[in-house]
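*Asks:* I would like the atomic coordinates for the input below:
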Amino acid sequence: MARYTGPTSRIARRFGEPIFGPDKVLAKKSYAPGQHGNMKRRGKKSEYGIQLDEKQKAKFTYGILEKQFSNLYKEALRRKGITGEILLQLCELRLDNVVYRLGIAPTRRAARQFVSHRHITVNGNLVNIPSYALNVGDVISVRERSKSMEAINNSISNNSNQMEWLEFNPDTKTGKVIAAPERIQIPENINEQLIVELYSK
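*Replies:* The predicted structure follows:
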């Protein structure tokens, strides 16, 4: 299964944000990676460069490859509403992201692994596709035989960020999508309008 497996700190430094979670390296080296990363670049970044960076940041944040992201944009374009907000909504409703948002996994990478390793069910059925698109009303649970996993229990006990559009019962390790997330409920620092402008060219 294709996915980015390179160094996360390098990507976080590139965008100047801890997009993969808390990062000690980013705190020490707040400049871009590379031999000349701590030197001021000459000239101003082009409009296209700014838009491209925003798209790349969104892709790395959600762990989505180019083709998948392009397909999500096309789907957002087909739906009624603000395309950029719908795009982020579709990213948030991926199964791996919801597992992360519920607190079942400490990071999206871990959530992706839990799903791939068949620890998660949706509406009682085993689903091992991280990109599986969830709908309002879907019930996400930890598989019965996986409920004793230390990694899952530690993540749930350390989670303090409950999303308004999700509900979760830590005792049964079961969550539910109670609404599609609105833009204000998505904490990621992404300017979705720049991504729409890039794809509109």
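
*Asks:* Next, the contact list for F69, please.
*Replies:* The contact partners of F69, by CB atoms under 8 Å, 6 or more residues apart in numbering, come to 55, 58-59. Where C-beta positions appear, they are placed from N, C-alpha and C, glycine not excepted.

*Asks:* If you could redo that for S146, that was the one I meant.
*Replies:* S146 touches 114, 119, 152, counting by CB under 8 Å, 6+ apart.

*Asks:* Give me the neighbour count for the closest residue to T174 other than its chain neighbours.
*Replies:* Leaving out its chain neighbours, the residue that sits closest to T174 by CB to CB, 6 or more residues apart in numbering is S141, at 4.4 Å. S141 is flanked by 21 other residues according to other CB atoms under 10 Å.

*Asks:* just the one 10 residues further on next, same as before
*Replies:* The criterion is other CB under 10 Å. On that basis, A151 has 15 neighbouring residues.

*Asks:* Name the helix or strand for the residue lying closest to it once chain neighbours are set aside, please.
*Replies:* In space, and not counting its chain neighbours, A151 is closest to A110: 7.2 Å by CB to CB, 6+ apart. Assessed by DSSP states H and E, A110 sits inside helix 108-116.

*Asks:* Next secondary structure after that helix?
*Replies:* That would be, after helix 108-116 and using DSSP H and E, strand 120-122.

*Asks:* State the mean pLDDT of whatever helix or strand comes next after that following strand.
*Replies:* Scanning forward in sequence from strand 120-122 by DSSP H and E, the next helix or strand is strand 125-126. If you average the pLDDT over strand 125-126, you get 97.

*Asks:* List of residues touching strand 125-126?
*Replies:* 118, 120, 143.

*Asks:* of those residues, buried ones?
*Replies:* 120, 143 (16 or more other CB atoms under 10 Å).

*Asks:* which one of the contacts of strand 125-126 is nearest I184?
*Replies:* Among the contacts of strand 125-126, I120 lies closest to I184 (CB to CB), at 27.4 Å.

*Asks:* For the residue nearest to T174, give its distance to L95.
*Replies:* 12 Å (CB to CB, to the nearest Å).

*Asks:* so where's the protein uncertain?
*Replies:* 1-43 (pLDDT under 70).

*Asks:* after the helix ranked longest in the chain, next one along is what?
*Replies:* Assignment by DSSP state H gives helix 47-62 as the longest helix of the chain. Of the helices and strands lying after helix 47-62 in sequence (DSSP H and E), the nearest is helix 66-78.

*Asks:* That following helix: which residues count as buried?
*Replies:* By neighbour count on 16+ other CB under 10 Å, the buried set for helix 66-78 is 68-69, 72-73, 76.
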